[in-house]
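Undergrad: Model the structure of this input:
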Amino acid sequence: MDVKPGSRWKSAVCDAQIVVVRPPKQAGTLQCGGVAVLDLNDPATSSGDVHPDHAGGVLVGKRYTDLDSGIEVLGAKAGKGSLAFDGRALQLKDAKPLPASD
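TA: Prediction:
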């Protein structure tokens with residue numbers, strides 16, 4: 001799986017779509033709903049069920065990251081499956097606080 005910046009992926013088991021913002025430091029498998037994601041241009045349609053342990057959902061416009069691998073992705077389309085990289089759940093990235101204005 002060639003996970004590079006700007007590459008777009010879709011879930012194989014729900015409607016989620018994601019864009020890679022920062023690639024991982026090492027090769028691995030990006031997953032959604034407990035299953036490897038598919039290239040956005042892949043003609044396959046979403047089928048099957050989201051694994052119950054991976055049903056946290058993807059939100060549009062939110063960034064998800066994994067500290068171990070360094071990968072960062074952006075939710076482009078919402079879905080029921082949660083994101084993982086090599087089996088490790090991606091965490092919702094906190095927004096940077098705005099500077100105080102006096």
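Undergrad: drop to CA atoms for contacts and neighbour counts, all remaining ones
TA: Will do.
Undergrad: Not counting its neighbours along the chain, what's nearest the residue sitting nearest the centre point of the chain?
TA: Nearest residue to the geometric centre of the chain (C-alpha atoms, centre = their mean): Leu83, 4.6 Å. Closest residue to Leu83 apart from its sequence neighbours, by C-alpha to C-alpha, 6 or more residues apart in numbering: Cys32 at 4.5 Å.
Undergrad: what's the neighbour count on that neighbour?
TA: Residues contacting Cys32 under the criterion other C-alpha atoms under 10 Å number 34.
Undergrad: What of Ser101?
TA: Ser101: 4 neighbours (other C-alpha under 10 Å).
Undergrad: Show the pLDDT at Gly34.
TA: Note on Gly34: pLDDT of 91.
Undergrad: can you check Asp102 too?
TA: 61.
Undergrad: separation between Val13 and Gln31?
TA: 10 Å (C-alpha to C-alpha, to the nearest Å).
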